[in-house]
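> Show me how the following folds:
(one chain, ligands or ions: 1)
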Amino acid sequence: MSAQLTTPPTAVSDPILEVDGLTMRFGGLLAVDSVSFTARRGDITALIGPNGAGKTTVFNCITGFYRPTAGALRLHRAEAGVAELQRLKDHRIARAGVARTFQNIRLFPGMTALENLLVAQHVVLNAATGFGIGALLGLGGYRRAEAAAVERAAAWLRATGLIERADDPAGALPYGAQRRLEIARAMCTGPALLCLDEPAAGLNPRESEELAALLRAIRDGSAAEGAAATSVLLIEHDMGIVMGISDHVIVLDHGKKIADGTPEAVRNDRHVIAAYLGEEEAE
Ligand SMILES: Nc1ncnc2c1ncn2[C@@H]1O[C@H](COP(=O)(O)OP(=O)(O)OP(=O)(O)O)[C@@H](O)[C@H]1O
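Numbering: from 1, shown residues only. Next up, the predicted model:
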C-alpha cells in the first residue's frame, strides 16, 4: 500500500525548479514513481529519505545523467525563461544554470585547487569569444573573461577557506577541504540552482557546522564577493544539517514522495517517522 501524503505542499510563489510527475524506471525497478515538488527561488530545499528511496536518481534526472522515463523538470530562470531540463543534454543543463556536486568527490586530483576552479569556468570563457579562435589569439574579450574567471575562483577559494591551498593539488587536500572545493567549483559557474549530493558525508562536527554556515551564505548571496543569492537543492542524511538550514523538505520513500513541507512539519509527519523507523528495524 502506498503512503498517503499528509503534509500539504507549501504554497510556492516564485519557483526555481518544478519537478512534475518525474518517473524513472530501470528495467523492472521503479526507482522514482511520479514524484512532483517545487523548489522555491532563494530557498534551501532538502530531499531526504531512507537508503534507496530514489534521491540520487532524482538528482541524476535533474542534472541530465539520466533521461527520465516520464515527467517534466522545469528550471525557471530569472531572465532567460523556463528551461525544460528533461529535453536537454547534461552540458546544456549546466549551461542553463544547474550545477552539482557528487556523493563521491569528483575533482581533478592532479590539478591545483585553483586550476580545478578555472577548468569549471571554461564554458564561460569560451562563450566570451563566441567559442572561437579569440582565446588562442589572446583577444581582449577573452583576456577580460580570463581575469574575471581568476577573480571569481579566488573569491570562492576565500569563501571556502582554501585560499592558502590554492596551489596545492586537489588530491592532496584533506577530505573536508576537497568537499568544500567541490562546492566552490560548482559556484564558480554562477548557477541558478546548486544541487548538492550528501555534502556533509564524512565531515566531522566542526566541518559540518562550517558547511551549514557556507550553505546559508550561498543561499543569501553573502558567501563570496560578487556572488548572487543562489537556490540550493540538497540531498543529505545528516538530519542536524537538514533541519538546521532547510527552508523546505521533501521526503521520498521507495521512489514515492511521502511528505513535503517545513522542517517542523516533516519532522512530525507519521509517514516520515514510520519510514525512518522501518529503516532502523531493517538494519
Ligand atoms: N543506474 C541504475 N541502474 C539500476 N538501478 C538503479 C540505478 N541507479 C539507482 N538504481 C536503483 O534505484 C533505487 C534508488 O536509488 P538511489 O540511489 O536513487 O537512492 P537514494 O535515495 O539516493 O539512496 P542512498 O541514500 O542510499 O544514496 C535503488 O533501488 C537503486 O538500486
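
> Next one: Leu118 from Ile273, what distance?
Here Leu118 is placed at a distance of 46 Å from Ile273 (C-beta to C-beta, to the nearest Å). In short, each C-beta sits where N, CA and C put it, glycine included.

> now swap in Leu17 and tell me
Going from Leu17 to Ile273 by C-beta to C-beta gives 27 Å.

> Quick one: distance of stretch 32-40 to the chain centre.
With C-alpha atoms, centre = their mean, to the nearest Å as the basis, the distance from the averaged C-alpha position of stretch 32-40 to the chain average is 15 Å.

> er, stretch 174-183 actually
Relative to its chain's centre, stretch 174-183 lies at 15 Å (C-alpha atoms, centre = their mean).

> And stretch 108-124, by the same measure?
Averaging C-alpha coordinates over stretch 108-124 and over its chain gives two centres that are 18 Å apart (C-alpha atoms, centre = their mean).

> Burial check on the closest residue to Leu203 other than its chain neighbours, number of neighbours?
Of all residues not flanking Leu203 in the chain, Gly176 sits nearest, at 5.3 Å (C-beta to C-beta, 6 or more residues apart in numbering). Close neighbours of Gly176, defined as other C-beta atoms under 10 Å, add up to 18.

> Repeat that for Thr63.
When counting by other C-beta under 10 Å, one arrives at 21 neighbours for Thr63.

> what does Arg67 give?
Burial of Arg67 is recorded as 13 neighbouring residues (other C-beta under 10 Å).

> How about Gly110?
With neighbours defined by other C-beta under 10 Å, the count for Gly110 comes to 11.

> Quick check: it touching Gly171?
Yes. Gly110 sits in contact with Gly171 when judged by C-beta atoms under 8 Å, with a separation of 6.4 Å.

> secondary structure class for Phe37?
Remark: Phe37 carries the secondary structure label strand [criterion: DSSP: H, G, I helix; E, B strand; the rest coil].

> give me the element the nearest residue to His248 once chain neighbours are set aside is part of.
Distances taken as C-beta to C-beta, 6+ apart put Thr45 closest to His248, at 4.7 Å, once the chain neighbours are dropped. If you go by DSSP states H and E, Thr45 is part of strand 44-48.

> Could you do Leu211 as well?
Counting by DSSP H and E, the secondary-structure element that holds Leu211 is helix 205-220.

> Which secondary structure elements does that helix sit against?
If contacts are counted by 3 or more C-beta pairs under 8 Å, 6 or more residues apart in numbering; DSSP states H and E, helix 205-220 sits against strand 44-48, helix 175-188, strand 231-235, helix 239-245.

> how distant is the last one from the center of its chain?
Same thing as helix 239-245. The offset between the C-alpha centroid of helix 239-245 and the centroid of the whole chain comes to 16 Å, using C-alpha atoms, centre = their mean.

> before we move on, what about the second one?
Average the C-alpha atoms of helix 175-188, do the same for its chain, and the two points are 12 Å apart (C-alpha atoms, centre = their mean).

> relative orientation of the very next helix or strand once past that helix and strand 44-48 in degrees?
Next helix or strand after helix 175-188 toward the C-terminus (DSSP H and E): strand 193-197. The directions of strand 193-197 and strand 44-48 differ by 30 degrees, with axes from the mean of the first three to the mean of the last three C-alpha atoms, to 10 degrees as the criterion.

> Now find how far off-centre strand 193-197 is within its chain.
The chain centroid and the centroid of strand 193-197 are separated by 0 Å under C-alpha atoms, centre = their mean.

> Mind giving me the packing neighbours of that strand?
Packed next to strand 193-197, using 3+ C-beta pairs under 8 Å, 6+ apart, are helix 55-62, strand 98-100, helix 175-188, strand 231-235.
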